[in-house]
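S.K.: For reference, the sequence and a predicted model appear below.
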Amino acid sequence: MTSRFQPGHPGGIITKQCRDAFKANSPKRRGPNSPYWKGFSKTQGYKTIAVQGEDGLWKHRLEHVVIAEKVLGRRLGKNEVVHHIDGDRKNNRNDNLLLCSIGYHRQLHEKMALLYQIEHFRRKPDAA
Ligand SMILES: [Zn+2]
């Protein structure tokens, strides 16, 4: 999917960020046995904070997920991801975070990539 973008292309970067987030959040790939766990635990530019789990142990969690869960008053569902509206992984302001399903999140990014192409390459929407 990113092959359409040149390196350093903003649209490509946003797409890649979210692809990583998408992979890390997909149910099959979640957890320490996931091939993405290691990469994800290095935070990939996301902010992390230490929180005490129900088991009493402190662990690092992604700040934007913790914020979203605080607002929701519950844990994120398996089909839910938190999207950074402006594409900035460190901007965890409430109004920059959008809760969406994995499917909607993917659509959102396809749309963002398409809008970018229209804007920068004058592609017609129906030509995609
Ligand atoms: Zn996203």
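M.R.: Cool, the structure landed.
S.K.: Just the element for Arg61, please.
M.R.: strand 58-62 (DSSP states H and E).
S.K.: Any buried residues in that strand, and which?
M.R.: Counting neighbours by 16 or more other CB atoms under 10 Å, one finds that the buried residues in strand 58-62 are Leu62. Placement of C-beta: from N, CA and C, glycine included.
S.K.: Just the C-alphas of that strand, formatted as CSV.
M.R.: What follows is strand 58-62, C-alpha atoms only, in CSV (Å, rounded to 0.1, in the frame of the first residue of the first chain):
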residue,chain,number,x,y,z
TRP,A,58,2.9,-1.4,36.7
LYS,A,59,3.3,-1.5,32.9
HIS,A,60,3.8,0.9,30.1
ARG,A,61,0.8,1.5,28.0
LEU,A,62,0.2,3.8,25.0
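S.K.: list the helices and strands it packs on?
M.R.: Counting contacts by 3 or more CB pairs under 8 Å, 6 or more residues apart in numbering; DSSP states H and E, strand 58-62 packs against strand 48-52.
S.K.: Name the residues of the strand it packs on that are buried.
M.R.: Taking 16+ other CB under 10 Å as the basis for neighbour counts, the residues of strand 48-52 that come out buried are Thr48.
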